[in-house]
Structure formats: C-alpha cells, structure tokens
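A.B. asks: Got a predicted model here, sequence first, then my questions.
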Amino acid sequence: MFLTEELEDKFKYSRYVLHVDMTFDNILELFELFENDSFPEHEKVLTGLEMLLFDYSKIEDLNFEEQYDLFKYIMKEFIDIDLDKKQEQAVKQAEGQPTKPPDEKAYDFKVDAERIYASFFMDYGMDLIEQQGKLHWKKFLALLNGLSEGTSFMKVVHYRTMEVPKATKGNEKHRAEIKQMKDKYSLLTDEEKVSRMDSQFDGIGNAFVKAGEKLNG
C-alpha cells in the first residue's frame, strides 16, 4: 500500500542489487525518448535502461535480449506499464484486428508542462524545477491527481474530458462555448483527429513491436 510501504527502488538481478532512478523528471525524459523518432527502437531500449539504472555498468555487457527483458521488468514493476500488453495491442492494430478503444487522452506532459508547473506551485507551493532529481515519480503522480479544480491544469483537463451536452432549446450558446474550449485545449492536430494514438504510452508499445522484430529477425 502506498502509504504504508517504503518506496524501495531496487531489486535483485543475478548476483547484483540494482537501483532504479524513479525521480519524476527522469521518468518524463524517458517518455520523451520513446516519442523521439530520430532514435532506432533498439537504441531507445538500451538508452532507456541506462537512464533508469544507477548501476547500468553492472549489466551493460548483457546481450540485447537480456537488456530488453530487464527493461520490460522495470517498466512493469516500477512504472506500472506492461510493455508486453502494449506490444500485443500494437500488433493487433497493425493487423487490423478489433481492439478495445483506448481511453481519451486527458493530458500531455509536454503540452501541459507549464500548466502542471503553475498548478503545483499554486496548490502545494512546490517548485517542480527545484524538485528535479528529488521528487519520486509515484509522489508526483499522486500530487498531480490531487490538484484542485481551480488550477489551470485541472480546468483544461475538465474541458478535454467533458461531453458536449445534447442540443436542447436554449442551450445553443452553452454548447458553442464548450465546443470552443474543447477545440482550444485539444491535444489533437487536424490529422490526429482522424487517426491517432490515444494512449499516453502507445509510442512505447509500438517501439517494442519493432524491437521485438529485431530480436526475431
């Protein structure tokens, strides 16, 4: 349980005890890495693992498959992202198989960075720049989810996720205002409104399809 367990960011691997860098800014940089198309997917895995492990030098001589499995383990156990499931989903989508519709994307860490910063300062008096290298990822998420409705971040999330009410007599102006705000704060480009990846971490899932192909190739 979050409130009763110590956040021990370490695990035993072979004869080593490996320590994971779970500071919020490091995890955000990891997500940015997987959204960067200038890196080959297998390099993203190796670079990501190096970012996550303080003790990377202990396992850098492992072959790619072993580092790939180690990276997936850390993502699942420490960041709660199951990349095997992401990969299965991406494969089904690529093959045109029916998949569960993704949840609507309510925020983007890059697009909403300034709003998140301002909202943390407003609600908690916390300067996230000063917290780089200090604040734990899980604590960051808990505080993010606990932001008050009056913060700029939560106001934007509210508009993105709210449904436009059905048209009734007299609510035309209200509906128009909601549509205007949803369009203003939309995370989608014109092309993405037609076809896009909705999940926050789908970029990682698709990258792992290609990384898996490298292993099998």
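C.D. replies: Alright, I've got the coordinates.
A.B. asks: Please enumerate the helices of this protein.
C.D. replies: In the chain, the segments counted as helices under DSSP state H are 24-35, 41-52, 64-79, 83-94, 113-124, 137-145, 152-161, 172-184, 202-216.
A.B. asks: Residue 11 is nearest to which of those?
C.D. replies: helix 64-79 (7.2 Å; CB to CB). Yep, even glycine has a C-beta here, placed from its N, CA and C like the rest.
A.B. asks: how about the CA coordinates for the closest one, as PDB?
C.D. replies: Extracted in PDB, the C-alpha atoms of helix 64-79 (Å, rounded to 0.1, in the frame of the first residue of the first chain):
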ATOM      1  CA  PHE A  64      20.200  -7.100 -26.200                       C
ATOM      2  CA  GLU A  65      17.500  -9.700 -25.400                       C
ATOM      3  CA  GLU A  66      18.500  -9.800 -21.800                       C
ATOM      4  CA  GLN A  67      18.600  -6.000 -21.500                       C
ATOM      5  CA  TYR A  68      15.200  -5.900 -23.300                       C
ATOM      6  CA  ASP A  69      13.700  -8.200 -20.800                       C
ATOM      7  CA  LEU A  70      15.200  -6.300 -17.900                       C
ATOM      8  CA  PHE A  71      13.800  -3.000 -19.300                       C
ATOM      9  CA  LYS A  72      10.300  -4.500 -19.600                       C
ATOM     10  CA  TYR A  73      10.600  -5.800 -16.000                       C
ATOM     11  CA  ILE A  74      11.400  -2.400 -14.600                       C
ATOM     12  CA  MET A  75       8.700  -0.700 -16.600                       C
ATOM     13  CA  LYS A  76       6.100  -3.100 -15.300                       C
ATOM     14  CA  GLU A  77       7.200  -3.400 -11.700                       C
ATOM     15  CA  PHE A  78       8.200   0.200 -11.000                       C
ATOM     16  CA  ILE A  79       6.300   2.300 -13.500                       C
END
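A.B. asks: could you give me the average pLDDT of it?
C.D. replies: Average pLDDT, helix 64-79: 96.
A.B. asks: And that helix, what's buried?
C.D. replies: For helix 64-79, the neighbour count (16 or more other CB atoms under 10 Å) marks 67-68, 70-72, 74-75, 78-79 as buried.
A.B. asks: Ok, which of the helices of the chain comes nearest residue 12?
C.D. replies: For the helices of the chain, the distance to residue 12 is smallest for helix 64-79, at 11.5 Å, taking CB to CB.
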